[in-house]
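Okay, predicted coordinates and the sequence, questions at the end:
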Amino acid sequence: MEGSAVEQTLEYFGVASGLLYLYLEIRQKKVMWVVGLLTSLIYVFVFFFSKFYAGMALNIYYVLISLYGFLRW
């Protein structure tokens, strides 16, 4: 049961950081890339623990694109 509580907390934090990312994207702030990277990194772990490897791979791609976007902004 302890693992599921950690996973649920990660999911809540991922949703909250995703909403923050959306707000920062609307405001066109550079820090949105850092928040997006954090959000995607959280979901890499959430999908890994859920054994949903396709979702995990997609979020690894998002992590890399967030790094690229931050550097190119």
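Great, that's in hand.

packing partners for the worst-scoring helix or strand of the chain on mean pLDDT?
In the chain, no helix or strand scores lower on mean pLDDT, DSSP states H and E than helix 2-26, which sits at a mean of 90. Where contact means 3 or more C-beta pairs under 8 Å, 6 or more residues apart in numbering; DSSP states H and E, helix 2-26 is packed against helix 32-49. To be clear about C-beta, it is placed using only N, CA and C from the backbone, and glycine gets the same treatment.

tell me what the helix it packs on is packed against?
Taking 3+ C-beta pairs under 8 Å, 6+ apart as the contact cut, helix 32-49 packs with helix 2-26, helix 53-72.

Can you say which of these is nearest to L41?
helix 53-72 (5.6 Å; C-beta to C-beta).

related to what we said a few turns ago, redo the helices and strands packed on helix 32-49 as JSON lines? Include distance to F45.
Formatted as JSON lines, the helices and strands packed on helix 32-49 follow (distance: least, C-beta to C-beta, whole Å):
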{"stretch": "helix 2-26", "distance to F45": "6"}
{"stretch": "helix 53-72", "distance to F45": "8"}
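
Give me the neighbour count for M56.
By other C-beta atoms under 10 Å, the residues close to M56 number 17.

thinking again about what came up before, and the least confident helix or strand of the chain, how far out from the chain's middle?
Its chain's C-alpha centre and that of helix 2-26 lie 8 Å apart, by C-alpha atoms, centre = their mean, to the nearest Å.

how near is W73 to V34?
11 Å (C-beta to C-beta, to the nearest Å).

neighbour-wise, which of these two wins?
The residue with more neighbours, out of W73 and V34, is V34; 16 against 11, by other C-beta under 10 Å.

Could you pull up the contacting residues of that one?
Neighbouring residues of V34 by C-beta atoms under 8 Å, 6 or more residues apart in numbering: 66, 70.

any idea how far it lies from I26?
In terms of C-beta to C-beta, V34 sits 16 Å off from I26.
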